[in-house]
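**Q** Pasting a predicted model and its sequence here:
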Amino acid sequence: MKKYVLVGTGFRGLLSYGEPLVREYGDCAKLAAVCDINGKRVKFAAEYLESGMPAYTDFDRMLQEQKPDVVIVTTKDCAHEQYIVKALEFGCDVITEKPMTTTDEMCAHILETERRTGHKVTVTFNLRFQNFYVRIKELVSSGILGDILSVHFEWLLDTSHGADYFRRWHSIRENSGSLLIHKSTHHFDLANWILDDEPVKVNAFGTRRFYGHTREERGERCLTCPYQKTCEFYMDIDKEENGMLKRIYRDNEDGDGYIRDRCLFSDVIDIEDSVSVNVRYAKGAVMSYSLTAHSPYECMKIVINGVKGRLEANNAFDVETIKFYNREGECVNFDRSRVKPTVGGHGGADPALRDHLFRGYTEDPLHQMADTRAGAMSIGIGIAANKSMAEDRAVYLKEFLGEFYPEMK
């Protein structure tokens, strides 16, 4: 039985890793302790999970006293690197939430430390386990398209899901690296994984014209805003998510000053809300990627063109469709009724991922478990896109990953 500790007791860490470990995996895994920079929040998390569970604000002390086999990192993105590196150097393996980290320097530090210590970092890309994307991966891997020529990937976030990133720490570039790192790393990893290819060159454009300081009718936060009755984005933090937002964040604000319901139109917001990215892959395919964080509706569209035809996948309004058009003009609709209904977070992806993490696996035919190379290639597109926008040029990933992967083109 492996011994785990968790650092970062926000919503994802507590409910997607901490609670399942204690409630569902006690026969094969032990969550020994939790850690957070917010002393009040980590105390709440420990009490919520298990009476008497140790709660730490000092990560080094937790490692020394608990001597875990594996550290789970679910802090804000910019803090991943420091905990991953310390855990590796202490002699632990690491499970980290995506993105692996936020900058090329931090990425290099993780890769160097992993190689030097010989311990392993697993990056949790849960969408690799969602049945819809598994089916796309299976079809592409079957050779139905032949050689891949091009990809169009569009992800639309509505003004509930998308807006929420701009309330949180994610909207400050120093914390998240922007949505190109925090959110798009999911999408870039899906593209890399489905195509079984690696990105080479990136060019990008981005704007922020919907959120941020785009209206004068604004306050510091929803809770105290004078425009509560007229703002279409008003959120009552005391009545959200079965009370967990209040219990995890609102009740513990004085522990670190983090405000979970900050105004969407704050002038501290410095990330893009619309981005357009072009990527060239090592095997020759090109991808156009678009992320919109203020769409009237939520939708994902992937189009993959190959020498044998075209695959169109669409996930909108809770309807999933996958169609293949061959060179004879025929269209094949792939029936997904054979797929068992999914339960659990992210369309059933979270439970499947956790089973692989905590119960182990003997086979991984679709390569769903991701290592640091996959983590680096996914954030690599986002890092290159950020550099492209800042420097107004195309960026090669080998500029900052070539030291570790000299075979890159």
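**A** Cool, got the structure.

**Q** alpha carbons only for contacts and neighbour counts from here, please
**A** Will do.

**Q** so who does residue 190 touch?
**A** Residue 190 sits next to 127-128, 133 when contact means Cα atoms under 8 Å, 6 or more residues apart in numbering.

**Q** Tabulate those residues in TSV, adding columns for distance to residue 164 and neighbour count.
**A** Converted to TSV, these look like this (distance: Cα to Cα, whole Å; neighbours: other Cα atoms under 10 Å):
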residue	distance to residue 164	neighbour count
127	20	21
128	23	25
133	24	17
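
**Q** Tell me who's in contact with the closest residue to residue 55 other than its chain neighbours.
**A** Using Cα to Cα, 6 or more residues apart in numbering and skipping the chain neighbours, the partner closest in space to residue 55 is residue 34 (5.2 Å). Residues in contact with residue 34 (Cα under 8 Å, 6+ apart) are 5-9, 42, 45-46, 53-56.

**Q** Is residue 34 bridged to anything, and to what?
**A** Taking DSSP bridges as the rule, residue 34 bridges to residue 6, residue 55.

**Q** Residue 10 versus that one, what's the distance?
**A** Using Cα to Cα, to the nearest Å, residue 34 is found at 11 Å from residue 10.

**Q** For stretch 81-99, give me every contacting residue.
**A** 59-60, 63, 68-74, 77, 80, 100-101, 106-107, 109-110, 113-114, 117, 119-125, 181-182, 185-186, 375, 379.

**Q** ok, back up a step: got the contacts of residue 190 as a markdown table, with distance to residue 313 columns?
**A** Putting the contacts of residue 190 into a markdown table (distance: Cα to Cα, whole Å) gives the following:
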| residue | distance to residue 313 |
| --- | --- |
| 127 | 15 |
| 128 | 15 |
| 133 | 9 |
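
**Q** circling back: taking the contacts of stretch 81-99 one by one, which sit in helices?
**A** The helices, defined by DSSP state H, take in 59-60, 63, 80, 106-107, 109-110, 113-114, 117, 181-182, 185-186, 375, 379 from the contacts of stretch 81-99.

**Q** re the thing from before, any of the contacts of stretch 81-99 buried? List them.
**A** 59, 63, 68-74, 77, 80, 100-101, 106-107, 110, 113-114, 119-125, 181-182, 185-186, 375, 379 (16 or more other Cα atoms under 10 Å).

**Q** Locate the residue of this protein with the greatest distance from its centre.
**A** In terms of distance from the mean C-alpha position of the chain, residue 328 ranks first, at 38.9 Å (Cα atoms, centre = their mean).

**Q** helix, strand or coil for it?
**A** coil (DSSP: H, G, I helix; E, B strand; the rest coil).

**Q** which parts of stretch 399-408 are buried?
**A** Those would be 400-401, 408, for stretch 399-408 by 16+ other Cα under 10 Å.

**Q** who's in contact with it?
**A** Counting by Cα under 8 Å, 6+ apart, 104, 108, 111, 200, 282, 376, 380, 398 sit against stretch 399-408.

**Q** Show the contacting residues for the fifth one.
**A** Shown here is residue 282, whose contacts under the criterion Cα under 8 Å, 6+ apart are 197-200, 408-409.

**Q** where's it relative to residue 389, distance?
**A** Counting by Cα to Cα, the gap from residue 282 to residue 389 is 22 Å.

**Q** what's the answer for residue 64, then?
**A** From residue 64 to residue 389 the distance is 43 Å (Cα to Cα).

**Q** what about stretch 78-86, average pLDDT?
**A** Mean pLDDT, stretch 78-86: 98.

**Q** and if you look at stretch 300-308?
**A** pLDDT averaged over stretch 300-308 gives 98.

**Q** Quick one: residues in contact with it.
**A** 144-156, 310-316, 326-327.

**Q** for the protein, which spans come out with low pLDDT?
**A** Across the chain, the ranges flagged by pLDDT under 70 are 241, 335-343.

**Q** quick one, which of residue 64 and residue 389 is more surrounded?
**A** A side-by-side neighbour count of residue 64 and residue 389, using other Cα atoms under 10 Å, places residue 389 first with 18 against 10.

**Q** what's the domain layout of the chain?
**A** Using automatic domain parsing, the domain parsing of the chain gives 2-126, 128-211+269-340+372-401.

**Q** Can you point out the buried residues in stretch 205-221?
**A** 205-206, 208, 210-213, 218-221.

**Q** Kindly indicate which of these lies nearest residue 299.
**A** residue 210 (18.4 Å; Cα to Cα).

**Q** What's the separation between the closest one and residue 234?
**A** Taking Cα to Cα, one finds residue 210 at 16 Å from residue 234.

**Q** For the residue positioned nearest the centre of the chain, what are phi and psi?
**A** Nearest residue to the geometric centre of the chain (Cα atoms, centre = their mean): residue 98, 4.1 Å. Phi and psi for residue 98, reported as degrees, to the nearest 10, are phi -70, psi 160.

**Q** which residues in the stretch 51-200 of the chain form strands?
**A** 55-56, 70-73, 93-97, 121-124, 148-158, 199-207 (DSSP state E, counting those that start in this stretch).

**Q** okay if I get the ones you listed as a markdown table plus distance to residue 384?
**A** Converted to a markdown table, the strands of the stretch 51-200 of the chain look like this (distance: least, Cα to Cα, whole Å):
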| stretch | distance to residue 384 |
| --- | --- |
| strand 55-56 | 36 |
| strand 70-73 | 24 |
| strand 93-97 | 21 |
| strand 121-124 | 20 |
| strand 148-158 | 18 |
| strand 199-207 | 6 |
